[in-house]
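Quick one, structure for this:
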Amino acid sequence: MRIRALILTLALSASSAVFPALVEGHTPTAGWTRLYTADYQSLNWGFGGTYASWVTTPAIAALDTNYADRATNNSRAPEFNYVAGGSDGTVWLKVAASSPCGTGRLDWLQCANGGGTFGFNIYVRDLYNTASDYSNWSWYDKTSSCPSGRTCWYLRRTFIHEVQHVTLGIGGHDGQGESNTVMAATTPWSPNAGWNETHLRRCDEAAEQMAYDLEDMAGPYGDCLDHITNAGVSGLKTDMSVAATSYRQCNGAGVTVSGRLQVRSDVTNYHRLSANPLSGRLVRLDRDGVAGVFTTRATIAAGNNWTSTVSGAPNQSHTFVAHFDDSSGDGLADSDRVTFTVSWGPAC
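Residues are numbered from 1 along each chain as shown. So this is what the prediction gives:
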């Protein structure tokens, strides 16, 4: 069972920020597990009652649209589909003084259970009809403002957090900070940093990708892969190969060379990302120390997935170096530099 609870102390004011200390570097959101076996698993869901639009609108937007946004979640993770009238999964606005997720907490704000099944539940607390000691709590979405004297939270952020308890089985929380993850142990309230975040953050995306792989192999990786144990290499290791180490051709004729650019396949903690073709990435071919004389782009193909036709001077042998230098900012490491030679000579 994945639980979400928020703890406030009397010493805190609504403007105080309580976040775990930032850690050096970053890594995919801690504690993730692949809960659904099929890629793009379709999860139909509905509401547990008849709720006002200030509840239904942010829930549908967060689950069906924001979570699936390929700019921030380029993965094959489950796809949520709202079905009017109810379905397998359920979103609840819950009147309950004690957490409906079974923890017994009286200070609960939100929680989820049933991750990995069709019958998952996401609960948010009805702050307006609950007899409790938290009458000064409010959902910002109800009035699109935070009433004076109240502590306010944003429902869209609540849902984008809880959905990862459902898909990734995160039992705890992550202390890497709001710019890296929405899975912190403390939900930020207005107007603290990250309080109105509506999409996955970079370490959340990286965790979804490691669990479910990429949706678009030419699209971005979560920029949170540079501190996975990499034997000193910063970034998701990449592997460059060339089909042959030497070629010979007649003077004046071009030589077609090929190879493969991929994520390394020998790093066990890359999970679903291992050996992915680095489709769309730029392969540079230096000639005799001159950078980038020839360029091409890798494809999604199996086997050799890049090709280029190179040229050189008559009756000479040239040294070429194939390499990939990441400029995308998505946490990929530069590849090794692979050398091969091409010789041109008289009619052959």
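
State the phi and psi torsions of Leu63.
phi -80, psi -50 (degrees, to the nearest 10).

tell me the contacts of the nearest residue to it once chain neighbours are set aside?
Nearest residue to Leu63 in three dimensions, chain neighbours excluded: Phe80, at 4.1 Å (Cβ to Cβ, 6 or more residues apart in numbering). Every C-beta, even on glycine, is put in place using the N, C-alpha and C of the backbone. Contacts for Phe80 (Cβ atoms under 8 Å, 6 or more residues apart in numbering) come out as 43, 45, 63-64, 67-68, 89, 163.

where do the strands sit along the stretch 201-348 of the chain?
For the stretch 201-348 of the chain, the strands defined by DSSP state E, counting those that start in this stretch occupy 238-242, 246-250, 255-263, 282-287, 290-297, 306-310, 317-323, 338-345.

Could you list the low-confidence segments of the stretch 201-348 of the chain?
Scanning the stretch 201-348 of the chain for pLDDT under 70 picks out 226-234, 348.

Now do the contacts for Phe41.
Slight slip there: residue 41 is Gln, not Phe. Per Cβ under 8 Å, 6+ apart, neighbours of Gln41: 78-79.

And it, how far from Phe159?
Distance of Gln41 to Phe159, computed by Cβ to Cβ, to the nearest Å: 18 Å.

Same check on Asp213?
Separation of Asp213 from Phe159 (Cβ to Cβ): 24 Å.

nearest residue to the most centrally placed residue in the chain other than its sequence neighbours?
Among the residues of the chain, the one closest to the centroid is Glu205, at 0.8 Å (Cα atoms, centre = their mean). Of all residues not flanking Glu205 in the chain, Gly222 sits nearest, at 3.5 Å (Cβ to Cβ, 6+ apart).

tally of neighbours for that neighbour?
Neighbour count of Gly222, defined by other Cβ atoms under 10 Å: 29.

from what I can see it touches Cys203, true?
Yes. Gly222 lies in contact with Cys203 (Cβ atoms under 8 Å); the separation is 6.6 Å.

For those two, list the residues in contact with both.
Pro28.

okay, now the domains of this structure?
Following automatic domain parsing, the chain resolves into domains at 42-212, 238-345.

ok, now how distant is Arg150 from Tyr140?
As defined by Cβ to Cβ, Arg150 lies at a distance of 9 Å from Tyr140.

re earlier: contacts only, for the residue nearest to the centre of the chain.
Contacts of Glu205 (Cβ under 8 Å, 6+ apart): 72-75, 222, 224.

how long is stretch 333-347 from one end to the other?
End-to-end distance for stretch 333-347: 42 Å, by Cα to Cα, to the nearest Å.

typo on my end, stretch 49-56
Span of stretch 49-56 from end to end, Cα to Cα: 10 Å.

before we move on, what about stretch 269-288?
Note: stretch 269-288 ends 37 Å apart using Cα to Cα.

quick one: the helices in the stretch 51-200 of the chain?
Secondary structure of the stretch 51-200 of the chain (DSSP state H, counting those that start in this stretch): helices at 53-60, 155-168.

Out of the ones you listed, flag the one nearest Thr29.
Closest of the helices of the stretch 51-200 of the chain to Thr29 is helix 155-168, at 7.3 Å (criterion: Cβ to Cβ).

just checking, what packs against the closest one?
helix 53-60, strand 110-113, strand 121-125, helix 202-212 (3 or more Cβ pairs under 8 Å, 6 or more residues apart in numbering; DSSP states H and E).

Tell me which of the ones you listed lies nearest to Asn136.
Nearest to Asn136, of these and by Cβ to Cβ, is strand 121-125 at 13.2 Å.

Who has more neighbours out of Arg150 and Tyr140?
Tyr140 (23 against 17).

Spatially nearest residue to that one (excluding sequence neighbours)?
Using Cβ to Cβ, 6+ apart, the closest residue to Tyr140 is Cys152 (4.3 Å).

who are the neighbours in contact with the one you found?
Neighbouring residues of Cys152 by Cβ under 8 Å, 6+ apart: 14, 137-140, 146, 189-190.

By neighbour count, which of these wins?
That'd be Trp189 among the contacts of Cys152, by other Cβ under 10 Å, with 25 neighbours.

can I assume that one is in contact with Thr158?
No. Applying Cβ under 8 Å, one finds Trp189 not in contact with Thr158, separated by 11.1 Å.

picking up where we left off before, next, work out how far apart the residue nearest to Tyr140 and Pro100 are.
22 Å.

hmm, back to that, let me have the strands of the stretch 201-348 of the chain in a markdown table, adding mean neighbour count and distance to Ile122 as columns.
Formatted as a markdown table, the strands of the stretch 201-348 of the chain follow (neighbours: other Cβ atoms under 10 Å; distance: least, Cβ to Cβ, whole Å):
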| stretch | mean neighbour count | distance to Ile122 |
| --- | --- | --- |
| strand 238-242 | 20 | 38 |
| strand 246-250 | 14 | 59 |
| strand 255-263 | 20 | 33 |
| strand 282-287 | 19 | 42 |
| strand 290-297 | 14 | 41 |
| strand 306-310 | 18 | 44 |
| strand 317-323 | 19 | 46 |
| strand 338-345 | 17 | 49 |
